[in-house]
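K.L.:
test case, fold it:
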Amino acid sequence: MTSLSDKVTPDAAPGSGEGKRFASFIVTGGIAALVNLASRWLLSHVMPYEAAVSVAYLFGMTTAFLLARLFVFNASGDSWLAEYGRFAVVNAFSFLVVLGVSAGMLRLVLPFIGWDWQAEEIAHLVGVVSPIVLSYYAHKHYSFGEKTKP
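P.N.:
The predicted structure follows:
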């Protein structure tokens, strides 16, 4: 398994720059999104849609943190708990986007266009992918950003 200290810095080798890091973020985020979507589907059997989206987001967020910490971003120089706390702050804002887009798609957009096939799944998928670019830069600079020495 790759440790944080084994990772190549973004500009150290050809092809390992920002584009590669963003692609890694997309792949690890995609895995976390699958966890999010699958758990939301399961949870929807026992709770209302918005509650299922909320709980599933926590499962997806934790998966995303673990994968991003292992495979995408360099160590910040802070503890994993501090990084997870900052990661959660970024995700709290992203969650508002995900929930708003998911609920808006399900309750407004899809009914307006007459779409009813797999409406919850489509709405949730659109919601989950909506904050990708915002999340990447927030995690890069805030969640895992290098700490400045005093």
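K.L.:
from here on, just use CA atoms for contacts and neighbour counts.
P.N.:
Fine.
K.L.:
tally of neighbours for Ala68?
P.N.:
24 (other Cα atoms under 10 Å).
K.L.:
then Tyr142?
P.N.:
17.
K.L.:
with Ala56 instead?
P.N.:
22.
K.L.:
quick check: which element contains it?
P.N.:
For Ala56, the element it lies in under DSSP states H and E is helix 49-71.
K.L.:
other SSEs contacting that helix?
P.N.:
With contacts defined as 3 or more Cα pairs under 8 Å, 6 or more residues apart in numbering; DSSP states H and E, the packing partners of helix 49-71 are helix 18-43, helix 80-104.
K.L.:
distance check, Lys140 against Ile31.
P.N.:
Lys140 is 18 Å from Ile31, where distance means Cα to Cα, to the nearest Å.
K.L.:
wait, Arg21 touches Val72, no?
P.N.:
Yes - here Arg21 reaches Val72: they are 5.9 Å apart, a contact under Cα atoms under 8 Å.
K.L.:
so where's the protein shaky on pLDDT?
P.N.:
1-16, 148-150 (pLDDT under 70).
K.L.:
so for Tyr136, which of the helices and strands packed on helix 49-71 sits nearest?
P.N.:
helix 18-43 (7.1 Å; Cα to Cα).
K.L.:
in the closest one, what's buried?
P.N.:
21-22, 24-41, 43 (16 or more other Cα atoms under 10 Å).
K.L.:
chain center to that helix, what's the gap?
P.N.:
Put simply, helix 18-43 sits 6 Å off its chain's centre (Cα atoms, centre = their mean, to the nearest Å).
K.L.:
which other helices and strands contact it?
P.N.:
With contacts defined as 3+ Cα pairs under 8 Å, 6+ apart, the packing partners of helix 18-43 are helix 49-71, helix 119-129, helix 132-138.
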